[in-house]
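Visitor: Take this sequence and fold it.
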Amino acid sequence: MSDDALIEAFEASLRKLEQHIQEQDTEIYRLSKRVDSLVNALQVQKLQIESLAQGGAGGGDTMPADEKPPHY
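Guide: Down below sits the predicted model:
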């Protein structure tokens with residue numbers, strides 16, 4: 001292989017690697033945004049569960065967990 005052909009082969013490999021790196025960067029950014037979204041949804045659900053555990057969102061109308069419903 002001549003020096004020019006070798007240089008062209010290296011440049012072609014470099015272009016492919018640079019394209020691959022760019023694609024990876026894009027995918028990692030997309031996944032990062034998805035993880036952020038899932039973390040936010042998890043925090044909202046955690047707050048909802050904590051709210052329900054502390055007496056619920058119904059105020060005074062809620063029944064304690066150990067009390068039988070009125071139709072019994």
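Visitor: Distance of Gln48 relative to Ile21?
Guide: 41 Å (C-beta to C-beta, to the nearest Å). Backbone N, C-alpha and C define where each C-beta goes, glycine included.
Visitor: Please apply the same query to Leu14.
Guide: Counting by C-beta to C-beta - Leu14 and Ile21 are separated by 10 Å.
Visitor: tell me the mean pLDDT over the helix or strand harbouring Arg30?
Guide: Following DSSP states H and E, one finds Arg30 within helix 3-53. For helix 3-53, mean pLDDT is 96.
Visitor: What is the distance between that helix and the centre of its chain?
Guide: Relative to the chain's own centre, helix 3-53 is displaced by 11 Å; criterion: C-alpha atoms, centre = their mean, to the nearest Å.
Visitor: now His20: how far from Glu11?
Guide: 15 Å.
Visitor: Gln19 too?
Guide: Going from Gln19 to Glu11 by C-beta to C-beta gives 13 Å.
Visitor: before we move on, what about Leu52?
Guide: According to C-beta to C-beta, Leu52 stands 62 Å off from Glu11.
Visitor: same check, this time on Glu18
Guide: 10 Å.
Visitor: So for the chain, the centremost residue is which one?
Guide: The centroid of the chain falls nearest to Val35 when counting by C-alpha atoms, centre = their mean (1.8 Å).
Visitor: so what's it up against?
Guide: Counting by C-beta atoms under 8 Å, 6 or more residues apart in numbering, Val35 makes contact with nothing.
Visitor: what separates it from Glu8, distance-wise?
Guide: Val35 is 41 Å from Glu8, by C-beta to C-beta.
Visitor: go on, Glu67?
Guide: 81 Å.
Visitor: Give me the more crowded residue out of the two.
Guide: Counted by other C-beta atoms under 10 Å, Glu67 and Glu8 do not tie: Glu8 has more neighbours, with 12 against 9.
Visitor: Report the contact partners of that one.
Guide: Taking C-beta under 8 Å, 6+ apart as the contact definition, Glu8 lies against nothing.
Visitor: repeat that with 10 Å
Guide: Shown in contact with Glu8 (C-beta atoms under 10 Å, 6 or more residues apart in numbering): Met1, Ser2.
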